[in-house]
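Novice: Dropping a prediction and its sequence here:
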Amino acid sequence: MSFMQISFFSDTLGREIAVDAVIPQGADHYKTVWLLHGLSDNHTAWQRYTRVEQFAARVGAALVMPNCDRSFYTDMAYGDSYFTFLTEELPAVMRGFFRGMSDRREDNFIAGLSMGGYGAFKAALTFPERYAAACSLSGALDIRFMLDEYGLRDNSLFPLIFGSEEEFVGSGNDLFALLEKDVRDHKALPDLFMSCGTEDPIIPCSRRFFELCGKLNVPIDYTESPGVHNWAYWNERIEPFINILPKYEP
């Protein structure tokens, strides 16, 4: 495996952006996990705090870990277009760099923790045809919960990212509305995986999303296990997701 620290000019963001990548050496074709960081981290965190490179090496997969700041992976109401960067520009640039990086659905997976769990599900529900599976670890999936009960309302980030509450509810940033729309439109969704620690203060986000999946008859693999909102838990729970990659064949 090769570890690469990449910096390139993003036309979408209008500036240099950093991306870490782990690439199988000498491989002409491999699967890719787009791996997203949390609100208080950056693109280096997965490499620094987990064994994710070892897990990827075991199955011969690539990892792409972009820096998306504190954007919630959105095209911000008052800021940069991080969702467009993540889902449009970044894949095109990376596939230009690496010949073995496929654009086929069965070769692409997206996962993240906390804010990144929200970003992973947002990408998967917005473009379900692009990903074979998506994984949220301790995801901040329910923005209204984060506003009302976790203090996000007191954080100046919310209006910069999402605009007003009225603009957010039912929009493309509202995962609950996105899921309902996909079901109404009979979209073929990626396989969904979700985990959260039972002592995690934002576990209601995962439980509420799981409840909605049940009401809509959307299959989802949901695991609760002892743990808090920390890297020990995420290191433990990212491994089984990466381990499933080989089952997705053309």
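Specialist: Thanks, I have it.

Novice: Could you use CA atoms for every contact and neighbour count after this?
Specialist: Fine.

Novice: all strands of the chain, in order?
Specialist: Assigned by DSSP state E, the strands in the chain fall at 2-10, 15-23, 32-36, 62-66, 108-113, 133-137, 191-197, 221-225.

Novice: could I get those strands as JSON lines with distance to residue 87, mean pLDDT and mean neighbour count?
Specialist: Below are the strands of the chain laid out as JSON lines (distance: least, C-alpha to C-alpha, whole Å; pLDDT from 0 to 100; neighbours: other C-alpha atoms under 10 Å):
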{"stretch": "strand 2-10", "distance to residue 87": "13", "mean pLDDT": "97", "mean neighbour count": "13"}
{"stretch": "strand 15-23", "distance to residue 87": "14", "mean pLDDT": "98", "mean neighbour count": "18"}
{"stretch": "strand 32-36", "distance to residue 87": "10", "mean pLDDT": "98", "mean neighbour count": "26"}
{"stretch": "strand 62-66", "distance to residue 87": "11", "mean pLDDT": "98", "mean neighbour count": "23"}
{"stretch": "strand 108-113", "distance to residue 87": "10", "mean pLDDT": "98", "mean neighbour count": "26"}
{"stretch": "strand 133-137", "distance to residue 87": "14", "mean pLDDT": "98", "mean neighbour count": "29"}
{"stretch": "strand 191-197", "distance to residue 87": "18", "mean pLDDT": "98", "mean neighbour count": "22"}
{"stretch": "strand 221-225", "distance to residue 87": "24", "mean pLDDT": "98", "mean neighbour count": "14"}
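
Novice: So which of those strands is nearest residue 233?
Specialist: Nearest to residue 233 among the strands of the chain is strand 191-197; the distance by C-alpha to C-alpha comes to 7.2 Å.

Novice: Strand partners (parallel or antiparallel) of the closest one?
Specialist: strand 133-137 (parallel), strand 221-225 (parallel) (DSSP bridges).
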